[in-house]
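J.: coordinates for the following, if possible.
(chains A and B)
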Amino acid sequence: MFENILLGFATAFTPINLAYCFLGVFLGTFIGVLPGLGSLAAISMLLPLTFYLEPTTALIMLGGIYYGGEYGGSIASILLNLPGTPSAAVTCLDGNPMAKQGRAGVALFITAVASFVGGSFGIVALMGFGPAIARLGLSFGPSDYFALMLLGLVAAVTVGGGSVIKGLIMVVLGLLLGTVGTDVTSGDFRYTFGFLELRDGVSLVGMAMGLFGVAEVVSSIRGAKTRRITEKVTARSMLPTREDMRKTFGPMARGSSIGGFLGALPGAGTVIAAFLAYATEVRLAKDKTRFGKGAIEGIAAPESANNAAAQTAFIPTLTIGIPGSATMSIMLGALMIHGITPGPLLITDHPTVFWGLIASFWIGNLFLLVLNIPLIGLWVRVLQFPYKYIYPVVIALICIGVFSMRTSVFDVSLVVIFGALGYLFQKAGYSPAPLILGFVLGPMLEENLRRGMLMARGDPMRLVSDPITGSILALSAILLIWSFVGGIRNLLATRRKATRPLGEA
Amino acid sequence: MKTVSLRLVVAALLAAIGLTAFIIGLNYDFGSARRMGPGYFPIVLSAALTLLALAECASAILKPDPTSADTLVWRPLIAILAAVAGFAVTIYLFGLIPAFFVVIGLSTLSERGYGWKPAVILSIITCIGAWLLFSQLLGMALPLFRLGF
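T.: Residues are numbered from 1 along each chain as shown, chains lettered A, B, ... in the order given. This is a model prediction of the structure:
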């Protein structure tokens, strides 16, 4: 255990890896600050850049982009009340009022500290539980994997809030898109329509860039004109008072534990972690009226929770190969592009990848903390930069990014199709995140189901009667039924204000 | 009223996608539950998609959702999609540098009165940046200029 951690730090501390970790954090924060673009868009845009790197270095950079993007989103929410990422929406609640009171600097500082504390907690959990869960994963058969993936998909739809039926539609559409290409078992082509390019399947990056990048840019063009930051944010104004620090210890500890636990569950993700941590603080507070008016606990708790969750989300992704969120499924896709198959064997087969990545997470979180204090002025300037000069370049970068993946014109035209679809989905209240999750899990789900059914001699009852498979399937069924009952109750009740999740989880 | 129809249109579109996939899927070997053919998964999924989308159609008619009051904004949508499509065509015919000018030029049509000067300046900056990053730093072999097919 201890040797492994040392190995990890030895890997992460090479100058190359440190440099790319820094670059990742920097670029991730930069893109995260831009309105409408979250960590998922950041990862898909920058994924092609990592192709030329060693797998470990590439992953370290992608990891940096990921939590850099999360932090960048918080900056935008605090200063502009415009959440760049959905998990940062919670930070808006108290972060923006603080900024209006002239305490934007303190809010940003607490965000950085809380992110670091939450992230560190998540990393320790990842180190502690990762190998154990991988050992557990080794004993799983195909049908257990099938059930687990199904649970992940069901949880992504039902736990996240929003319309269950729309979520299910997105998941099924994603699964269906995942069947495009060559069937692994028989070698037959499915839904290729004679296109050579489709034999390898639909390009994940092309699809993600269309659904998230293009669709988000299109819808933020109009709303982007009224952005003004009146507060001056300097490194000096970031210093919190002793009172501020004292008030944030408890919320950070509670937020980290909530986030760390929820992040590891499939489908739950950072958004729910942030909301739950916030709700917990409101419940525990003596004076509940302070929340929403700039209570510092209202930033510390959700920020530590979403960063802890961002780290523990790697547990299922790396150790059993089942991503819990759309962002994680892109990470999984990136791993596979680099020739590493995530799963129970990852830790033993590629110890430098696993432990190096974990060590770099910690270094990356440290970078975030250290970087953002001197660089805050730069981020504020990025935020104030007119959006009209940003989006054409973003679109150009999306194009070149997708094109350079396989030097394929076909993939760029996929961006057009999925961009149009993504915009329609967004306007009609669909969240494309479950679609991506379904797309990535689809082929694995099918393969494991086919193997499982072969082993069960075609009898579904034999699948269900297996203790592990059966109980996981039952859990999925309960989740589905529970949310449907809730949905019907909703329908019967008077029209309630529906919250619509946007972007990734 | 307008949003109800948008929800309905999207749900109907999804149902149409499901139905098309189902009909195409019928051509693939279905197999049996024990030995599933390449058609098993697509058939089941497209049937599920069609049914779910139809249910959503019904729900869009029966229960109008007052919260999603967004309407489509056509100008930026068409401009951005045209920009990406223009990039695809231009990079194929003429190479990367002209493609950047096309994608940025068309993107700027999203807003009225953008002007061609900022578009040209942005294109030049993007070209230089991309050239430095992709060609010099990463050593990718991208066709900067080319003619023909």
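
J.: alpha carbons only for contacts and neighbour counts from here, please
T.: Fine.

J.: and stretch A:21-31, does that touch chain B?
T.: No. Judged by C-alpha under 8 Å from any C-alpha of the partner chain, stretch A:21-31 and chain B are separated, with a smallest distance of 13.0 Å.

J.: what does that stretch contact?
T.: A:37-39, A:42-43, A:57, A:60-73, A:360, A:363-364, A:367-368, A:379, A:382 (C-alpha atoms under 8 Å, 6 or more residues apart in numbering or on different chains).

J.: closest point of chain B to chain A, which residue?
T.: Of the residues in chain B, the one nearest chain A is residue B:34, at a distance of 3.4 Å by C-alpha to the nearest C-alpha.

J.: okay, now the unreliable bits of the chain?
T.: This is for chain A. Applying pLDDT under 70 to chain A picks out residues A:36, A:82-87, A:159-161, A:223-236, A:266-269, A:490-505.

J.: looking at chain B here, not the other one
T.: In chain B (pLDDT under 70), the answer is B:1-4, B:64-70, B:138-139, B:147-149.

J.: nearest the geometric middle of it, what residue?
T.: residue B:81 (7.5 Å; C-alpha atoms, centre = their mean).

J.: rewinding a little: tally of neighbours for the residue of chain B closest to chain A?
T.: Residue B:34 has 17 neighbours, counted by other C-alpha atoms under 10 Å in any protein chain shown.

J.: give the closest residue to it in space, chain neighbours not counted.
T.: residue A:458 (3.4 Å; C-alpha to C-alpha, 6 or more residues apart in numbering or on different chains).

J.: residues contacting that neighbour?
T.: Residue A:458 sits in contact with B:32-35, where contact means C-alpha under 8 Å, 6+ apart.

J.: could you pull out the strands for the stretch 301-450 of chain A?
T.: Using DSSP state E, counting those that start in this stretch, the stretch 301-450 of chain A contains no strands.

J.: I meant to write chain B there.
T.: Along chain B, counting by DSSP state E, no stretch forms strands.

J.: which one in it is furthest away from the centre?
T.: Relative to the chain centroid, chain B (C-alpha atoms, centre = their mean) has residue B:34 farthest, 37.4 Å.

J.: list the contacts of that one.
T.: Neighbours of residue B:34 in contact, by C-alpha under 8 Å, 6+ apart: A:450, A:453-454, A:456-459.

J.: again with residue A:54
T.: Applying C-alpha under 8 Å, 6+ apart, no residues contact residue A:54.

J.: CA atoms only: put stretch B:40-53 into CSV for me.
T.: Extracted in CSV, the C-alpha atoms of stretch B:40-53 (Å, rounded to 0.1, in the frame of the first residue of the first chain):
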residue,chain,number,x,y,z
TYR,B,40,-31.5,-8.9,-30.5
PHE,B,41,-30.3,-5.8,-28.7
PRO,B,42,-31.2,-3.3,-31.5
ILE,B,43,-34.7,-4.6,-31.8
VAL,B,44,-35.4,-4.5,-28.1
LEU,B,45,-33.8,-1.1,-27.7
SER,B,46,-35.6,0.5,-30.7
ALA,B,47,-38.9,-0.9,-29.6
ALA,B,48,-38.3,0.5,-26.1
LEU,B,49,-37.3,3.9,-27.6
THR,B,50,-40.4,4.0,-29.8
LEU,B,51,-42.7,3.2,-26.9
LEU,B,52,-41.1,5.7,-24.5
ALA,B,53,-41.1,8.4,-27.1
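
J.: in it, what's buried?
T.: B:40-43, B:45-53 (16 or more other C-alpha atoms under 10 Å in any protein chain shown).

J.: near chain A, which of those residues show up?
T.: Among these, chain A is touched by B:41-42, B:45-46, B:48-49, B:52-53 when using C-alpha under 8 Å from any C-alpha.

J.: including distance to residue A:392, could those residues go into CSV?
T.: Converted to CSV, these look like this (distance: C-alpha to C-alpha, whole Å):
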residue, distance to residue A:392
B:41, 40
B:42, 38
B:45, 38
B:46, 37
B:48, 39
B:49, 35
B:52, 37
B:53, 35
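
J.: cross those residues against helices and list the overlap.
T.: Residues of those located in helices (DSSP state H): B:41-42, B:45-46, B:48-49, B:52-53.

J.: in those, find the pair that's most separated.
T.: B:41 and B:53 (18.0 Å; C-alpha to C-alpha).

J.: follow-up on the earlier one: make a markdown table out of the contacts of residue A:458 and add distance to residue B:62.
T.: Shown next, in a markdown table, are these (distance: C-alpha to C-alpha, whole Å):
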| residue | distance to residue B:62 |
| --- | --- |
| B:32 | 39 |
| B:33 | 37 |
| B:34 | 41 |
| B:35 | 42 |
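
J.: filter those residues down to the buried ones.
T.: B:33-35.

J.: what does the stretch 51-200 of chain A have sitting close to chain B?
T.: Going by C-alpha under 8 Å from any C-alpha, the residues of the stretch 51-200 of chain A near chain B are A:52, A:165-166, A:168-169, A:172-173, A:175-176, A:179, A:183, A:185-186, A:188, A:190-191.

J.: emit the PyMOL select command for whichever of those residues are buried.
T.: Those of these that count as buried under 16+ other C-alpha under 10 Å are selected in PyMOL with:
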select buried, chain A and resi 165+166+168+169+172+173+175+176+179+183+190+191
